[in-house]
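Enquirer: Give me a model of this one.
(one chain, ligands or ions: 2)
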Amino acid sequence: MSSNKTMPPLKAIKSMSDPQWLKNLPRLSKPPRRANTDLQPKKLSREMGYEVLSVVELTGVQQLTPEDIIVAVMGPTGTGKSTFIQRATNHSWTVGHSLQSHTSTVEALRVSFNDGISLVLVDTPGFDDTNKSDLETLKVIAKWFEQVYRRGLEISGILYLHRITDDRMGRTPRKNLELFKKVCGEDYFPLMVLVTTMWPESSNEDEAVFSERETQLKKDCWEDIIRHPAQVQRFRGTHTSAWNILEEVFTFAGTRQQRKILEIQQEIVDFSKRVPDTSAGQQLHGMMEELVGKQSDLVRRLQDQLSKTSDPDTQHAIMSGLKNLKQQREKVRKDIRRMDPSLAERMRRMNRLLDERSSQLRRHTRNQLHALRQRFGEFVRRVAQAPWRNRSAS
Ligand SMILES: Nc1nc2c(ncn2[C@@H]2O[C@H](COP(=O)(O)OP(=O)(O)OP(=O)(O)O)[C@@H](O)[C@H]2O)c(=O)[nH]1
Ligand SMILES: [Mg+2]
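Expert: Ligands and ions are numbered 1, 2, ... in the order given. Modelled structure (predicted):
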């Protein structure tokens, strides 16, 4: 493990010493269990540079304390979330260099400073992960945030990363952004920092193109978030650049007037919703149904092409494409089935009804048989005592 011994001055941190932001905490309908110490203002009042005492990887939410300033790093896979954490802390943190998604669970590490301040940076998986379904990814993220809230702790800020080198907003970044907005909820937007990554360390010929792209992003994709307002920052891949961005989070955390809760935390903890029933879950459900629709269209078109071609190579290529596509569609359908609460509930209700009906039927049949036996017994008795029987006997 390696760690940097000095940090750039965190000039904005002094506003955190103002306990005003703690005074207007809204009361929750069902307050989570919280430690008393959480109501102490965080001791962030120094304007000097900070000395890092240690950088420690955490094994779970239970290791978090009310003294921790928790900052989550989110965004699509490969946008540089782990790299950001690595550069900020100079800690050996796993960064992915292949085409596969790398971070598949929520992982956190704590940077402790000399005067008792500790910052926890949280690495998260992105949606469209190559190893996990989106539902699984959402569950993993939701679980972590839920546990934090149940412990009475709060997320001081979230960095949402986007690659400035992406020349357009593709399906994956768009999906990530939409789900991310639902996970956080509008009330949380002021505590978000939208971070564009992959900027060159210093200005070069790409700078103008990237700046233009950033303007476009702000206008077309981030307008609703920025309005609240959220910050937009550039990460230039260096330690100093990472700390300039983290300062923004501290500034917001220090000046906020009320406690901010992520929408998904509130939905799960306060309203006892399952992940698929949260706003993010519903959004994902809609996206998956749309995807299945598109996949089915494509399957039909490929089948059509297959019926029109007689070339064996083309047939082979189409057939393998079809196989892949059908497998992908089945995976999404499986997730939809797992998410659909009404379907599961309907099945349970139907089973209950069937059980009730069959036991009613069994009772009815038993009663009928009993009645039949009685009537038959009566009949036999009458026949046995019938006068004509006595006459023929004599
Ligand atoms: N040039 C440049 N490369 C970067 C930057 N950030 C990340 N990378 C590279 O992008 C690749 C992916 O980076 P990661 O940090 O693993 O991305 P991630 O968002 O954590 O990805 P997942 O864990 O898969 O979600 C790695 O090869 C990094 O070295 C950056 O700011 N500049
Ligand atoms: Mg990662």
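Enquirer: In contact with Pro229, which residues?
Expert: For Pro229, the contacting residues are 189-190, taking C-beta atoms under 8 Å, 6 or more residues apart in numbering as the criterion. C-beta coordinates here come from the backbone N, C-alpha and C atoms, glycine included.
Enquirer: Look at it and report its pLDDT.
Expert: The model reports Pro229 with a pLDDT of 83.
Enquirer: Using the three-state scheme, assign it.
Expert: Classification of Pro229 into helix, strand or coil gives coil, according to DSSP: H, G, I helix; E, B strand; the rest coil.
Enquirer: try Asp129
Expert: Under three-state DSSP, the three-state class of Asp129 is coil.
Enquirer: just checking, it touches Ser104?
Expert: Yes - the criterion here is C-beta atoms under 8 Å, and Asp129 meets it with Ser104 at 6.3 Å.
Enquirer: Residues that sit against both of those two, list them.
Expert: Residues touching both Asp129 and Ser104 comprise Thr137, with contact defined as C-beta under 8 Å, 6+ apart.
Enquirer: Ignoring the adjacent residues along the chain, who's closest to whatever residue of the stretch 201-350 of the chain ends up closest to ligand 1?
Expert: Across the stretch 201-350 of the chain, no residue is closer to ligand 1 than Gly237, which sits at 3.6 Å (C-beta to the nearest ligand atom). The shortest distance from Gly237 to any non-neighbouring residue, by C-beta to C-beta, 6 or more residues apart in numbering, is to Glu201 (5.9 Å).
Enquirer: circling back to that earlier point, quick check, pLDDT for the residue of the stretch 201-350 of the chain closest to ligand 1.
Expert: The confidence metric pLDDT takes the value 92 at Gly237.
Enquirer: now swap in Val249 and tell me
Expert: Here, the pLDDT recorded for Val249 equals 78.
Enquirer: Touching, it and Met192? I think so.
Expert: No - contact criterion C-beta under 8 Å: Val249 and Met192 do not qualify, at 9.0 Å.
Enquirer: list residues touching both of these two?
Expert: Between them, Val249 and Met192 have 157, 159 as joint contacts when contacts are counted by C-beta under 8 Å, 6+ apart.
Enquirer: centre of the chain versus the helix or strand containing Met350, how much separation?
Expert: Under the assignment given by DSSP states H and E, the secondary-structure element containing Met350 is helix 341-384. Its chain's average C-alpha position is 49 Å from that of helix 341-384, according to C-alpha atoms, centre = their mean, to the nearest Å.
Enquirer: if we can go back for a sec, confirm the residue nearest to Gly237 sits in a strand?
Expert: No - secondary structure assignment places Glu201 outside any strand; it is coil (three-state DSSP).
Enquirer: Whichever residue of the stretch 151-300 of the chain sits closest to ligand 2 and Ser358: what is the separation?
Expert: Here the residue of the stretch 151-300 of the chain nearest ligand 2 is Leu161; by C-beta to the ion that distance is 10.0 Å. According to C-beta to C-beta, to the nearest Å, Leu161 stands 57 Å off from Ser358.
Enquirer: Those two: which is more packed in?
Expert: Taking neighbours as other C-beta atoms under 10 Å, Leu161 and Ser358 compare with Leu161 leading, 24 against 10.
Enquirer: Excluding covalently adjacent residues, which one is nearest to the more buried one?
Expert: Excluding its sequence neighbours, the residue lying closest to Leu161 (C-beta to C-beta, 6+ apart) is Gly75, at 3.4 Å.
Enquirer: So His285: helix, strand or coil?
Expert: Using three-state DSSP as the criterion, the local structure at His285 reads helix.
Enquirer: show me where the stretch 151-300 of the chain has strands.
Expert: All strands of the stretch 151-300 of the chain, identified by DSSP state E, counting those that start in this stretch, fall at 155-163, 192-197, 231-234.
Enquirer: Serialize the ones you listed to JSON lines and add fields for distance to Asp123.
Expert: Conversion of those to JSON lines gives the following (distance: least, C-beta to C-beta, whole Å):
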{"stretch": "strand 155-163", "distance to Asp123": "11"}
{"stretch": "strand 192-197", "distance to Asp123": "14"}
{"stretch": "strand 231-234", "distance to Asp123": "18"}
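Enquirer: Of all the ones you listed, which one is nearest Leu284?
Expert: Among the strands of the stretch 151-300 of the chain, the nearest to Leu284 by C-beta to C-beta is strand 155-163 (17.2 Å).
Enquirer: does that closest one come close to ligand 1?
Expert: No - Strand 155-163 stays out of contact with ligand 1 when judged by C-beta under 6 Å from any ligand atom, the minimum separation being 6.5 Å.
Enquirer: If you rank every helix and strand of the protein by mean pLDDT, what lands last?
Expert: Comparing every helix and strand of the chain by mean pLDDT, DSSP states H and E singles out helix 20-23 as the least confident one, with a mean of 40.
Enquirer: how close does the residue lying closest to Asp68 once chain neighbours are set aside sit to ligand 2?
Expert: The shortest distance from Asp68 to any non-neighbouring residue, by C-beta to C-beta, 6+ apart, is to Val120 (4.5 Å). Remark: distance between Val120 and ligand 2 (C-beta to the ion, to the nearest Å) = 16 Å.
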